[in-house]
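Q: Here is a sequence with its predicted model. Questions after.
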Amino acid sequence: MSKPLHEMTVLITGGSRGIGAAIAQRFAAERMNIVIHYLQSHEAANETARRCMRLGANVSTISADLRSKDQLVRMREKLQDRGMVPDILVNNAGIAHYGMLADVSENDWEDVMSVNLKGMFLTTQLFMESMVRQRFGRIINVSSVWGMSGASCEVLYSTTKGGMNAFTKALAKELAPSGVTVNAVAPGAVDTVMLDKLDDGEKQALEQEIPLGRFAQPDEIASLVYFLSLPESAYITGQIISPNGGWVT
């Protein structure tokens, strides 16, 4: 039997800005316990925390390098000390990469793989233990439409998101007997700083490719993540759900 929603704790990696911040605020609106993880964006994390607290949530911020198991173990210990062991884990942290595959360096490859895949693996491995013990948990991975269809000039990024989708499907089967669901949300184009690499003309052309004629707003992605975290979503697991405005079907 799961706890009442307002007693649950959600950990959002990369929760200081963009989609992560929108997810934090969506859970905060339900007065849940919120953990905002960040690496270097201290001020942005604090600002997001303040917005969440104004909504009545109990909020904690915490910094860790997701590529370091030692740092993640320390993060888990700190959260245990604060009584904020997550019932819900949102693996949102990630970095993008744009460029032809011929120009991708070995360091580029290792950096993006380490954050997007190794970070998700380590974080999930450490925090799923308590979910399995209590026989309830929600793991939601924020992927990308490019993990489903691939994108020219984003081979590296697409590869990591495709790996995230496969990780989601496989782990869902592994954890299903323990009452823990695992799903991925794979957005299309979202109106965040990740689109800043495009100029106004390129943004307009991209919007015209999308049947709904616009980019997603971060809070629209957050609403889907929130739904997948609810106790009543218990029969949804191993799914890659892509809110993309009809762009990719």
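A: Cool, the structure landed.
Q: What is the helix or strand hosting residue 170 packed up against?
A: Following DSSP states H and E, one finds residue 170 within helix 155-175. Using 3 or more Cβ pairs under 8 Å, 6 or more residues apart in numbering; DSSP states H and E, the elements in contact with helix 155-175 are helix 106-113, helix 119-134, strand 137-142, helix 146-149, strand 180-185, strand 240-241. The way it works is simple: take the backbone N, C-alpha and C, and place the C-beta from them, glycine included.
Q: Could you check how far the longest one is from the centre of its chain?
A: Okay, so that is helix 119-134. Offset of helix 119-134 from its chain centre (Cα atoms, centre = their mean, to the nearest Å): 14 Å.
Q: Residues touching it, excluding its own?
A: Defining contact as Cβ atoms under 8 Å, 6 or more residues apart in numbering, one finds that helix 119-134 is touched by 11, 13, 66-67, 69, 72-73, 76, 85-87, 89, 91, 93-94, 137-139, 141, 164, 167, 171, 175, 178, 180.
Q: go with 7 Å
A: 11, 13, 66-67, 69, 72-73, 76, 85-87, 89, 91, 93, 137, 139, 141, 164, 167, 175, 178, 180 (Cβ atoms under 7 Å, 6 or more residues apart in numbering).
Q: what angle do that helix and helix 155-175 make?
A: Angle, helix 119-134 to helix 155-175, by axes from the mean of the first three to the mean of the last three Cα atoms, to 10 degrees: 10 degrees.
Q: just use 34 as the starting number from now, easier for me
A: Sure, I'll start numbering at 34, so the last one becomes helix 152-167.
Q: Looking only at helix 152-167, what residues are buried by neighbour count?
A: Within helix 152-167, the residues scored as buried using 16 or more other Cβ atoms under 10 Å are 152, 153, 154, 155, 156, 157, 160, 161, 163, 164, 167.
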